[in-house]
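Novice: sequence first, predicted coordinates after that:
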Amino acid sequence: MLVSVVVCTRNRSQSLKEAVQSLKQLETRSRFDYEILVVNNNSTDDTSLVVKQLSLDSAVPVREVVESQAGIVYARNRGINESQGEWIAFFDDDQLADPNWLLELFETAESKHVHCVGGAVVLKLPDGYEQPLSPICRMLLGESVGLQTSQPYTPKQTPGAGNMMIHRSVFQNIGLFDPASNRRGEDTDLYLRMHAAGLTAWFTPSAIVHHVIPESRLTTDYLLRVSQIMSEGMAIQERDRVGRLRYPLFWLGRLTQA
């Protein structure tokens, strides 16, 4: 059994190096083999050189493909098409994997008999950072807020592509990530299509990745910008789900709720 870990990156060679180093040390207990596929989204830094260095003397295959079309959706779809595994796991270039991360995803998929699993994202804040962050701010920074126990995902609690493993047959069934959702909830859109097709996805809190947060992402301007991008994406998805004619009534209900 082969699992392909797809890491999409653009001009983040240093954080990519640390991310892949953490992936090279994953525990498998001989349950499966895995490869690391770096999708270079047309970087202009030394990403290709870093990947080449990471592939040397590595017990785990590390290889690179270049996707010239800018955008995370195009990079992820290229990773799906170029990967060789029966399972495809998605991991971000600014994360560090817990040693048991992939094993926990694999064993959850096996025990729950599902074709999609996701895990927990924990923030790795800068050393010495002591200011408390609200759950909303933690969510905006990528933490999996509100999920503490193993449970199925729902349309209100969806998996994120930074910590998710999907069987290849799912993409054959419902298609790849939708370019129309680029940077605005493409992972949520994928899950909603899975849900509509009757496919169950499961969350496990023991499959942990650590999201490395630099000081630059802890500013009010950054959080407001991310909030706007996410809210616009959610609004578009809701409009498409309920229909353009009914959406004004849906919006009015949300306004009343607020």
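Specialist: Alright, I've got the coordinates. These numbers come from a predicted model, not from an experiment.

Novice: what lines up beside the strand ranked longest in the chain in the sheet?
Specialist: For the chain, the strand with the greatest residue count under DSSP state E is strand 202-212. When sheet partners are counted by DSSP bridges, strand 202-212 sits next to strand 95-97 (antiparallel), strand 116-124 (parallel), strand 151-152 (antiparallel).

Novice: of all these, which one is nearest residue 181?
Specialist: If you check each of the strands paired with strand 202-212 against residue 181 by CB to CB, strand 116-124 wins as the nearest, at 17.0 Å. From N, CA and C alone the C-beta is placed, and that goes for glycine too.

Novice: distance between that closest one and the chain's centre?
Specialist: The chain centroid and the centroid of strand 116-124 are separated by 8 Å, computed with CA atoms, centre = their mean, to the nearest Å.

Novice: one step back: can you list the buried residues in the longest strand of the chain?
Specialist: Within strand 202-212, the residues that qualify as buried are 202-204, 207-212, counting by 16 or more other CB atoms under 10 Å.

Novice: save those residues as a markdown table, and put in pLDDT and distance to residue 7 too.
Specialist: A markdown table is the format used below for these (pLDDT from 0 to 100; distance: CB to CB, whole Å):
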| residue | pLDDT | distance to residue 7 |
| --- | --- | --- |
| 202 | 98 | 23 |
| 203 | 98 | 21 |
| 204 | 98 | 21 |
| 207 | 98 | 16 |
| 208 | 98 | 17 |
| 209 | 98 | 11 |
| 210 | 98 | 15 |
| 211 | 97 | 14 |
| 212 | 97 | 14 |
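
Novice: can you pull out the helices in the stretch 151-258 of the chain?
Specialist: Listed from the start of the chain, the stretch 151-258 of the chain has helices (DSSP state H, counting those that start in this stretch) covering 168-174, 186-196, 220-242, 247-257.

Novice: looking at those helices, which is buried most?
Specialist: Mean neighbour count (mean count of other CB atoms under 10 Å) peaks for helix 186-196 among those, with a mean of 20.

Novice: can you give the contact residues for that helix?
Specialist: With contact meaning CB atoms under 8 Å, 6 or more residues apart in numbering, helix 186-196 is reached by 72-73, 76, 116, 153, 155, 158-161, 164, 170, 174-175, 177-178, 181, 201, 233-234, 237, 241.

Novice: contact partners for residue 209?
Specialist: Residues near residue 209 by CB under 8 Å, 6+ apart: 91-92, 95-98, 101, 119-122, 162-163.
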